[in-house]
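**Q** Predicted model follows, preceded by the sequence.
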Amino acid sequence: MKKDWSKLGIMGGTFNPIHHGHLIAAEFVRDEFKLDEILFVPSGKPPHKHAGEIASPEHRWMMALLAAGTNEYFSVSSLEIDRGGESYTRDTILELKEIYGGRGKGDFYFITGADAIAEISTWHKKENLPEIAKFIAVSRPGYKLDMDKIDPLFRRCTYLVEVPALAISSTEIRERIRRGRTIKYLVPEAVEKYIHKNKLYQEV
Ligand code: ATP
Ligand code: MG
């Protein structure tokens, strides 16, 4: 994390594994909004995924670190992993504000894909979220990016951004690995090597 910043991007996700869809979305948003930094925040273990399907938090964090390492504006936070279990995004944003900005200083931009933005309406204590962050919903192949899909509460603090369409998902990557198919160019080379070396996602 750089010392001086006024606009911080936060991208949450399972990152199981991180792939070029995540990276291109983050980089294009950074450029478009002139963000000083993007912080990737891998989640703790989401309870709805069963054990074989999800790599350990340490593996997911390490892959995010390998992927972020080639971009000077990217870094990775282990905040949710350290907390363990499932974290409320609201708590994560508030904690990051405490750590990095202090309340009221600097703007936080929470970046999600067109699929994930719809989930905001289900977030815990969502009412005061518009005061603590702005939201950026990026386009994603297969999902419609539309203000109508966004909770009315969030419309005034949400931006819609078109990013280059990469029809890549972690689910598809995991399936390909199970079937012994290539994942080259879907993920950064260092991540591909890490997955193979650690024999990740070979079994359900
Ligand atoms: P899974 O298939 O396991 O759900 P995923 O590819 O959706 O994995 P996540 O870790 O769930 O990846 O996503 C983290 C964030 O990145 C979400 O906000 C999601 O919408 C966004 N995202 C993921 N893939 C893309 C993509 N190809 N283009 C744009 N945004 C994406
Ligand atoms: Mg997803």
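**A** Cool, the structure landed. Ligands and ions are numbered 1, 2, ... in the order given.
**Q** Tell me the residues on this structure that lie near ligand 1, please.
**A** 13-16, 21-22, 25, 112-113, 115-116, 138, 140, 166, 168-171 (CB under 6 Å from any ligand atom). For every residue, glycine as well, the C-beta is placed using N, CA and C.
**Q** now do 5 Å
**A** Within the chain, the positions near ligand 1 by CB under 5 Å from any ligand atom are 13-15, 21, 25, 112-113, 115-116, 140, 166, 168-171.
**Q** in the longest helix along the chain, what counts as buried?
**A** Longest helix in the chain, counting residues (DSSP state H): helix 20-33. Across helix 20-33, burial judged by 16 or more other CB atoms under 10 Å covers 20-30, 33.
**Q** Please apply the same query to stretch 113-122.
**A** Within stretch 113-122, the residues that qualify as buried are 113-114, 116-118, 120, counting by 16+ other CB under 10 Å.
**Q** quick one, helices of the protein?
**A** According to DSSP H, the helices that the chain contains are 20-33, 57-68, 79-83, 89-96, 129-132, 170-178, 189-197.
**Q** Comparing these, which comes out most buried?
**A** Ranked by mean neighbour count, the helices of the chain are led by helix 57-68 with a mean of 21 (mean count of other CB atoms under 10 Å).
**Q** Identify the residues contacting that one?
**A** Applying CB atoms under 8 Å, 6 or more residues apart in numbering, the external contacts of helix 57-68 come out as 14-18, 22-23, 40, 42, 44-45, 54-55, 74-76, 78, 81, 187-188, 190-191, 194-195, 198, 200.
**Q** among those residues, which ones are buried?
**A** Buried among the contacts of helix 57-68 by 16+ other CB under 10 Å: 14-18, 22-23, 40, 42, 44-45, 54-55, 74-76, 81, 187-188, 191, 194-195, 200.
**Q** Against which helices or strands is the longest helix of the chain packed?
**A** Judged by 3 or more CB pairs under 8 Å, 6 or more residues apart in numbering; DSSP states H and E, the packing partners of helix 20-33 are strand 7-13, strand 37-42, strand 107-113, strand 134-138, strand 158-161.
**Q** Who are the packing partners of the first one?
**A** Just to be clear, that refers to strand 7-13. Contact here means 3+ CB pairs under 8 Å, 6+ apart; on that basis strand 7-13 packs against helix 20-33, strand 37-42, helix 89-96, strand 107-113.
**Q** Adding mean pLDDT, write the ones you listed out as TSV.
**A** Below are the helices and strands packed on strand 7-13 laid out as TSV (pLDDT from 0 to 100):
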stretch	mean pLDDT
helix 20-33	98
strand 37-42	97
helix 89-96	92
strand 107-113	96
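**Q** Any idea which of the ones you listed gets closest to residue 6?
**A** For those, distance to residue 6 was read as CB to CB. The smallest value, 6.7 Å, belongs to strand 107-113.
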